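In: model this:
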Amino acid sequence: MVPLYWQPEHAAIGAGIGLGVALLSSVIFELWESYRFAATEYLEMVLQPLEPVDLIWLGLLPGLSEEMLFRGVALPALGMNGFALIITSTVFGLLHMASAKHLSYTVWAIAVGMMLGAVTIYTNNLLAAITAHVLTNFLSGVIWRWKKSRLA
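Out: Next up, the predicted model:
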């Protein structure tokens, strides 16, 4: 398994990636109609039943568990190389596909998985990927709720 240990530089890299992914996702949401449809449907399904405080858990639980599985165990099991990165990122993205009409969201999740896997290979530490994933999920939930409240 890829180790998880405190390294301030790795936490900062993860925070930067998390902020970047959330920002880029917001831009893509505005520009790509297919992604906007898929992301809206997916986020509505996931976030609608949650209370605002649940956004903390939405960040923490998938961020920890998915990173431990995909980047912590599967990536090194397949070799910690380009092949492993492609396979684990593709499976990660496909598991975010709620239906065939969400292909654009799946493509985005594969790209995010590639970023998370690449930073894991680069740092040989799960901290950056976990930080990025937790922050991305949390910010995506906050942004989605904020946009939804503005439309109401």
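
In: When you work out contacts or count neighbours from here on, use the C-alpha atoms and nothing else.
Out: Fine.

In: State the helix or strand in which the residue positioned nearest the centre of the chain lies.
Out: In the chain, the C-alpha closest to the average C-alpha coordinate belongs to His133, at a distance of 4.6 Å (C-alpha atoms, centre = their mean). If you go by DSSP states H and E, His133 is part of helix 127-151.

In: Quick one: list the elements packing against that helix.
Out: Contacts of helix 127-151 with other secondary structure elements, assessed using 3 or more C-alpha pairs under 8 Å, 6 or more residues apart in numbering; DSSP states H and E, are made with helix 8-31, helix 33-47, helix 54-66, helix 103-123.

In: 6 Å instead?
Out: Using 3 or more C-alpha pairs under 6 Å, 6 or more residues apart in numbering; DSSP states H and E as the contact definition, the elements that helix 127-151 packs against are helix 8-31, helix 54-66.

In: show me where pLDDT drops low in the protein?
Out: By pLDDT under 70, the low-scoring segments of the chain are 152.

In: Could you measure from the residue nearest to the centre of the chain over to Lys101?
Out: Going from His133 to Lys101 by C-alpha to C-alpha, to the nearest Å gives 24 Å.

In: sorry, back to before: may I see the helices and strands packed on helix 127-151 organised as JSON lines, with distance to Phe83 added?
Out: Formatted as JSON lines, the entries for the helices and strands packed on helix 127-151 read as follows, by distance: least, C-alpha to C-alpha, whole Å:
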{"stretch": "helix 8-31", "distance to Phe83": "22"}
{"stretch": "helix 54-66", "distance to Phe83": "19"}
